[in-house]
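Peer 1: how would this look folded up:
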Amino acid sequence: MNKLKHIPLLVIIAGIIITCYGSWKIIDSHMKTNQSLEEAKQATEPVLEKNETKSAVLTQRKKEFHPETGEASGILEIPEIDAELPIVEGTDADDLAKGVGHYKDSYYPGDHGQIVLSGHRDTVFRRTGELKKGDRLNVILSYGTFSYKISRTKIVSRNDTSVITLQHMREELILTTCYPFSYIGNAPKRYIIYADPV
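Peer 2: Coordinates of the predicted model:
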């Protein structure tokens, strides 16, 4: 009988531990994202030397642009939801904990190919479901700012890899995240946003 007396106390303690762990994960993710955003802002600031033109600097920066895995290399601006998100090279768990991940084998703006950016639905991309056709997305890199307009959205199975074609015929920006947005655990689907250059 005495052992049963402690069960409610153990349940309360377990609940507190789970709540603290969840809160810590959210705070840790926000801190990593904010740190990556500061790094991305520094990486995208144009620095002009004496007698240099902005055009010459941007052309040179494009040639030298080869971000390392985990490195904050740019900013994704989503004016419609007032979001300014760091773009980090790579889509592994460590990379996505820092911000929006750039799929390594995809292209970057100005390369005339498919640009794939992914993010967690419960952190950086939690409000992407509010976006609609015609909304703007801006990608800011060290060699320029590139604007895109959302052309369509699509929901696919999480196993559907047909979205990422890595085509090199025309430039298009693709944002991917898990779906449904409020799902707890590994979501069964993916929410895809397609955007074309403006």
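Peer 1: packing partners for the longest strand along the chain?
Peer 2: The residue-count maximum for a strand in the chain (DSSP state E) belongs to strand 144-157. Strand 144-157 is packed against strand 136-141, strand 189-197, with contacts defined by 3 or more CB pairs under 8 Å, 6 or more residues apart in numbering; DSSP states H and E. Every residue, glycine included, has its C-beta placed from N, CA and C.
Peer 1: Between strand 189-197 and it, find me the angle.
Peer 2: Relative orientation of strand 144-157 and strand 189-197, computed by axes from the mean of the first three to the mean of the last three CA atoms, to 10 degrees: 150 degrees.
Peer 1: got a list of contacts for strand 144-157?
Peer 2: 58, 62, 109-110, 131-140, 162-163, 173, 179, 188-198 (CB atoms under 8 Å, 6 or more residues apart in numbering).
Peer 1: One more: stretch 125-132?
Peer 2: With CB under 8 Å, 6+ apart as the criterion, stretch 125-132 contacts 78, 80-81, 83, 100, 119-121, 150, 153, 175, 177, 181, 191, 193.
Peer 1: Out of these, give me the one that has the most neighbours.
Peer 2: Within these, most neighbours by other CB atoms under 10 Å means residue 100, with 30 neighbours.
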